[in-house]
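Peer 1: Turn this into a structure:
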Amino acid sequence: GAVSTESPSATLLLDVGGLTNCLLVLDAGIAGAAVTNASPAGVTNTLYMSASGAVHVGAGETLVLENDLCMMGTLYKRGEGTLVLAGTTFALPSLVSANSTITLAVEAGTVVGCGAVTNVLVMPGKPDRSVAGSDPSFILADTPQAEIRGTTFLSALSWLATSLHPGNGGFTQLGGTVEPGISWLTRAQIGFAAAGASLGGTGTYNLVNGMLRVTNSFVLAANAGRGAFNQSGGVADIDNFVPRGGEVRLTGGLLRVDRFDNASSVYCTWFLGGGRLETKAFTTTAVTLASPLVFTGEGGEMGFVLEAGRSLTLSGATSGSGGFVKTGDGTLALAGAGALSGLVTVSNGTLTVSGSLVGTNDLLLLEGSLTVTSTGTAKLGMLAVTNGMVTLESGVVITAERFSLAGAEWPAGVYSATNCAALTGDGMLIVGAEPGEWTGAAGDGLWSTAANWVAGILPNSLYLAADLSAAVSNEATVATVILDLAAVTNRQLVLASGVAGAIVTNASPQNATSTLYLDDNGVLEVAAGETLVLDHDLCIMGSVHKRGEGTLILRRSTYALPSLVTSGPIIYLYVDGGKVINEGAMNNVLISVGKPSCHDDIETPEFIVADTPGASLSGKCFITALNALASEPGPGVFTQNGGTVAPGINWGVRIALGHTAAYTEIEGTGTYNLVNGTLAVTNELRFGRNGSLQNGHYGIFNQSGGVADIQRLAGTPGEVNLSGGLLKVSETTTDMDARVLFRLGGGRVEPRGPTWLVLRSPVELTGLNGDVTLAPSAGRTLQFAAAAPAAGPGGFVKEGEGQLYLSNTNAFSGSGLILAGTCTVAEAGCLTQCTNLWVDAGAHLDIRRSGGALNTNLVLRTAAEGRVHLNFEGEVEVGALVINGYACPGRGQRYGSSACTGEVDKVLDGTFAGTGVLKVVGPQGPQGTLFGLR
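Peer 2: Residues are numbered from 1 along each chain as shown. Next up, the predicted model:
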């Protein structure tokens with residue numbers, strides 16, 4: 001009531017030395033309303049707020065407390081308006097200890113701190129993200145008195161035990177000093193959610209100006225929360241930075257860190273576009289940051305300031321269009337995969353590359369040194385050395401499009417310590433050319449001849465690529481080069497000639513087998529319309545990628561480096577594009593085939609096992625027909641035209657048709673085509689697996705030939721399309737429900753387990769390639785469960801001495817041929833549309849329900865020694881009965897055995913058994929009404 005539409009601003013005097021209450025409200029409903037609660041001139045009075053008290057400020061309104069505020073327990077800020085704390089805010093001194101938790105919980109709107117905040121935990125964050133309204137925020141103003149100290153803890157997310165679905169929260173420091181001093185091991189957790197909270201909330205700390213000082217740990221993300229730290233100015237002085245999840249964005253200011261806790265740093269991405277990062281050397285002089293780094297250039301080039309004797313190692317992947325400036329006499333080490341493309345400037349000290357720097361960015365060496373270790377590689381645009389040294393360890397070859405020394409540009413060529421004073425070590429620098437490009441200049445087609453390669457350098461190094469594109473031309477589209485060395489190692493093999501229909505064979509010498517060793521994260525690239533044939537062994541030393549839309553043919557053995565198989569990492573061949581055709585034995589390699597993104601405008605990648613005598617996949621092997629690394633997976637196809645596929649990895653699942661390592665919102669589709677050969681899965685073939693979820697992604701299993709011998713089918717969603725070959729299965733899991741469809745139109749299904757195989761998913765008998773054969777052997781049962789209704793224009797053939805047990809609704813319209821064993825129509829089963837059912841000599845039809853068990857238009861035919869068991873009470877009607885070629889009289893005639901309990905017209909113990917009655921009613925037409933018109 002202090003304001004009105006005519007007077008939207010007002011000042012009240014708190015003229016009492018101390019006043020205590022539990023609720024302070026400004027909610028006038030007047031846009032722009034502002035009320036100042038002031039102390040008398042020359043006096044500072046205090047408002048005491050009781051525990052669990054609240055200050056409510058309505059949307060669009062502002063309440064300014066110029067008096068001091070004493071909190072006697074947790075205080076809640078509610079309402080979408082703004083609360084300004086212009087005086088001192090503190091916890092009641094008698095309640096303060098080294099670990100007291102008197103909290104200012106900003107649950108809505110904004111709180112602006114203009115004065116000192118002492119012994120209060122600050123927690124802005126929406127308690128429940130389903131509640132409407134903007135994200136709550138706490139702002140520390142840029143005033144001389146602004147500070148947060150004492151028994152204080154910072155969290156930009158609601159971590160209260162009741163906040164199980166927390167929304168976002170923000171803490172913005174425009175100035176002043178923040179120095180939390182609670183006795184906990186962590187004094188700031190940005191993105192701290194309660195234990196058991198669900199994923200979804202993000203806490204954000206914005207440092208614009210001022211000083212943030214954390215004398216123990218500053219944590220991004222805890223439990224299910226996500227943290228963001230944005231610094232555009234000021235100084236952040238942190239002893240232990242713990243980037244667990246979320247992101248860091250630096251566009252200005254100084255970030256000074258003693259150490260990083262990298263246990264979960266891979267889940268926190270750093271965006272670097274300005275500002276400076278320094279190490280403190282408080283507890284360690286050698287610091288490592290393992291998070292992925294994106295150099296944005298948003299606020300200029302990132303600065304790394306390292307004093308003499310200090311080092312910072314960046315072991316995560318680096319990327320982005322920005323660059324950085326290295327200053328100080330210390331060492332900055334790039335140990336991860338690096339593809340940033342901005343300018344790198346080394347003003348002094350040492351830049352060490354033990355990973356990769358291959359973004360073709362310019363590197364300016366003003367003072368100090370650049371060192372590329374034996375494990376490093378660099379591919380630069382311009383390498384400009386003003387007054388420094390480049391050290392290249394033994395075996396290292398780096399490239400630069402241009403090279404200048406002391407302002408003078410050098411011509412293209414090969415440089416080393418012998419012909420360039422700025423280079424030391426036994427490595428080399430190649431300017432103006434890419435080592436590993438085939439020229440074929442010697443004319444002998446041999447790898448070992450130096451003259452066949454650009455600059456005379458054989459691509460026999462972990463850091464070099466072999467490009468065979470120049471082996472063909474428009475005049476000669478087919479070529480063979482000879483890998484006449486027993487073993488060659490490189491990181492990439494390329495055929496991208498631009499020649500339509502180009503075929504290059506990389507062959508072993510006659511009567512010998514050579515081996516190409518491909519480095520971890522290596523690439524086999526074949527351009528669209530071209531074919532690269534590897535007629536030698538291929539040993540992969542880590543996961544590798546097939547890229548490009550062309551075809552790669554693996555003619556001999558492909559295997560993982562043996563020393564990595566037992567205890568080493570999982571080794572994948574990722575088919576990201578085109579086709580891979582395997583004609584030889586492949587051992588201990590996992591296959592992942594599929595588009596990296598559903599948005600890629602390329603043909604669906606395919607891995608093909610050829611129909612050759614030696615084709616096989618075995619050992620520590622797993623197969624998925626999706627790109628396991630994709631976040632938005634496109635489709636993939638695995639086709640087996642022959643050979644033997646027997647994945648043997650020690651996981652519970654050996655084939656997951658649709659599988660991604662991490663959960664994705666987009667559903668991918670993975671397809672396995674079995675055309676010929678043998679597929680042996682001794683544990684589980686799963687249709688879909690989405691990250692940690694056992695189900696998800698769509699799996700398709702198509703079989704037109706060959707033998708599939710599978711212990712267990714599992715998961716959803718997906719489909720089985722059987723049109724030929726033999727499908728043997730021991731069991732299906734209970735989670736295979738209506739989301740999986742079996743289309744059976746040819747081929748043969750056999751239970752391979754000791755007893756029952758149960759199908760719980762819908763069945764469509766398509767008749768596409770004839771009727772499916774269902775062949776349980778003696779002592780085994782194939783059951784169609786009640787949850788597996790069958791339909792379609794096709795039918796089935798029952799073979800084998802075992803049992804086909806129909807406890808489902810069968811609405812297929814084709815025929816059923818019972819040639820051996822028993823077909824049981826169970827109490828819950830029926831054949832509602834089947835028009836012909838044949839019971840062969842020695843075979844059995846066991847009907848266990850009366851009424852609508854069979855189609856009343858069904859023609860039931862039996863051989864002379866075929867048996868029909870009427871194991872029910874009552875009658876079952878059929879359209880016609882034919883026994884040994886004789887059409888029995890119909891139109892109401894009843895048949896049965898001497899054991900039947902109902903009325904029968906004819907007893908046929910040679911054909912029938914059991915207590916039921918079979919009534920022949922003749923063909924039945926549609927029911928309706930006949931009108932006579934005249």
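Peer 1: Outside of the worst-scoring helix or strand of the chain on mean pLDDT itself, list whatever touches it.
Peer 2: Scoring the helices and strands of the chain by mean pLDDT, DSSP states H and E places strand 413-415 at the bottom, with a mean of 87. Contacts to strand 413-415, defined as Cβ atoms under 8 Å, 6 or more residues apart in numbering, come from residues Phe403, Leu423, Met428, Leu429, Ile430, Val431, Gly432, Ala455, Gly456, Ile457. Where C-beta positions appear, they are placed from N, C-alpha and C, glycine not excepted.
Peer 1: Identify the residues contacting the first one.
Peer 2: When you say that, I think you mean Phe403. Met382, Leu383, Ala384, Glu409, Trp410, Tyr415, Leu429, Val431.
Peer 1: just for the stretch 801-934 of the chain, where's the confidence low?
Peer 2: For the stretch 801-934 of the chain, the stretches with pLDDT under 70 are 924-928.
Peer 1: mind redoing it with 80?
Peer 2: Applying pLDDT under 80 to the stretch 801-934 of the chain picks out residues 923-930, 934.
Peer 1: What is the subsequent helix or strand relative to the least confident helix or strand of the chain?
Peer 2: Going down the chain from strand 413-415, the next helix or strand is strand 423-424, by DSSP states H and E.
Peer 1: by contact count, what packs against that following strand?
Peer 2: Under the contact criterion of 3 or more Cβ pairs under 8 Å, 6 or more residues apart in numbering; DSSP states H and E, strand 423-424 touches strand 389-392.
Peer 1: Return the distance of the strand it packs on from the chain's centre.
Peer 2: Relative to its parent chain, strand 389-392 has a centroid offset of 40 Å by Cα atoms, centre = their mean, to the nearest Å.
Peer 1: who does the least confident helix or strand of the chain pair up with?
Peer 2: strand 428-431 (antiparallel) (DSSP bridges).
Peer 1: what about the spatially most central residue of the chain, is that helix, strand or coil?
Peer 2: By Cα atoms, centre = their mean, the chain has its centre lying nearest to Ala662, at 2.8 Å. What DSSP: H, G, I helix; E, B strand; the rest coil gives for Ala662 is coil.
Peer 1: and the closest residue to it other than its chain neighbours, what is it in contact with?
Peer 2: Closest residue to Ala662 apart from its sequence neighbours, by Cβ to Cβ, 6 or more residues apart in numbering: Gly691 at 4.9 Å. By Cβ under 8 Å, 6+ apart, the contact set of Gly691 is Thr660, Ala661, Ala662, Tyr663, Thr664.
Peer 1: Show me how to select, in ChimeraX, the buried members of the residues you listed.
Peer 2: Remark: buried members of the contacts of Gly691, expressed as a ChimeraX selection using 16 or more other Cβ atoms under 10 Å:
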select :660,661,664
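Peer 1: And the least confident helix or strand of the chain, how far out from the chain middle?
Peer 2: For strand 413-415 - counting by Cα atoms, centre = their mean - the centre lies 43 Å from the chain centre.
Peer 1: Okay, buried residues for that strand please.
Peer 2: Under 16+ other Cβ under 10 Å, the buried positions of strand 413-415 are Val414, Tyr415.
Peer 1: now the closest residue to Ile666 other than its chain neighbours: how far from Leu626?
Peer 2: Nearest residue to Ile666, sequence neighbours excluded (Cβ to Cβ, 6+ apart): Glu632, at 4.7 Å. Look at Glu632 and Leu626: by Cβ to Cβ, to the nearest Å, they are 11 Å apart.
Peer 1: the more surrounded of the two?
Peer 2: Neighbours were counted for Glu632 and for Leu626 using other Cβ atoms under 10 Å; Leu626 has more, 33 against 16.
Peer 1: Look at that one and give its secondary structure.
Peer 2: The three-state assignment at Leu626 reads coil, by three-state DSSP.
Peer 1: Isn't it up against Phe638?
Peer 2: No: assessed by Cβ atoms under 8 Å, Leu626 is found out of contact with Phe638, at 10.0 Å.
Peer 1: Identify the contacts common to the two.
Peer 2: Residues touching both Leu626 and Phe638 by Cβ under 8 Å, 6+ apart: Val593, Gly670.
Peer 1: mean confidence score for stretch 291-300?
Peer 2: Averaged over stretch 291-300, pLDDT sits at 94.
Peer 1: Give me the residues contacting that stretch.
Peer 2: Around stretch 291-300, the neighbours that count as contacts under Cβ under 8 Å, 6+ apart are 232, 243, 248, 250-252, 262, 265-266, 268-275, 302, 314, 316-324, 336, 340, 342.
Peer 1: end-to-end on that stretch?
Peer 2: 21 Å (Cα to Cα, to the nearest Å).
Peer 1: ditto for stretch 477-493
Peer 2: Start-to-end span of stretch 477-493 (Cα to Cα) is 18 Å.
Peer 1: and that stretch, average pLDDT?
Peer 2: On average, stretch 477-493 scores 95.
Peer 1: Just the buried residues of that stretch, please?
Peer 2: Under the neighbour-count criterion of 16+ other Cβ under 10 Å, stretch 477-493 has Ala479, Val481, Ile482, Leu483, Asp484, Val488, Thr489, Asn490, Arg491, Gln492, Leu493 buried.
Peer 1: next one: stretch 443-451
Peer 2: Residues Gly445, Leu446, Trp447, Thr449 are the ones in stretch 443-451 that count as buried (16+ other Cβ under 10 Å).
Peer 1: Kindly provide the distance from Val839 to Gly916.
Peer 2: With distances taken as Cβ to Cβ, Val839 is found 16 Å from Gly916.
Peer 1: Those two: who's more crowded?
Peer 2: Gly916 (28 against 25).
Peer 1: mind checking how far the more buried one is from Gln893?
Peer 2: Taking Cβ to Cβ, one finds Gly916 at 15 Å from Gln893.
Peer 1: do Gly115 as well
Peer 2: 103 Å.
Peer 1: of those two, who's got more company?
Peer 2: Gly115 (23 against 16).
Peer 1: got the contact list for that one?
Peer 2: Per Cβ under 8 Å, 6+ apart, neighbours of Gly115: Leu85, Ala86, Gly87, Thr88, Thr89, Thr143, Gln145, Ala146.
Peer 1: From the contacts of Phe403, keep the buried residues only.
Peer 2: For those, buried by 16+ other Cβ under 10 Å: Met382, Leu383, Ala384, Trp410, Tyr415, Leu429, Val431.
Peer 1: Which strands or helices does whichever strand or helix holds Asn683 pack on?
Peer 2: Using DSSP H and E, Asn683 falls within strand 678-690. Packing partners of strand 678-690 (3+ Cβ pairs under 8 Å, 6+ apart): strand 644-645, strand 655-660, strand 698-714.
Peer 1: Go again with 6 Å.
Peer 2: When contacts are defined as 3 or more Cβ pairs under 6 Å, 6 or more residues apart in numbering; DSSP states H and E, strand 678-690 sits against strand 655-660, strand 698-714.
Peer 1: Quickly list what the residue lying closest to Ser130 once chain neighbours are set aside is bridged to.
Peer 2: Nearest residue to Ser130, sequence neighbours excluded (Cβ to Cβ, 6+ apart): His165, at 6.6 Å. Here His165 sits in beta bridges with Asp128, going by DSSP bridges.
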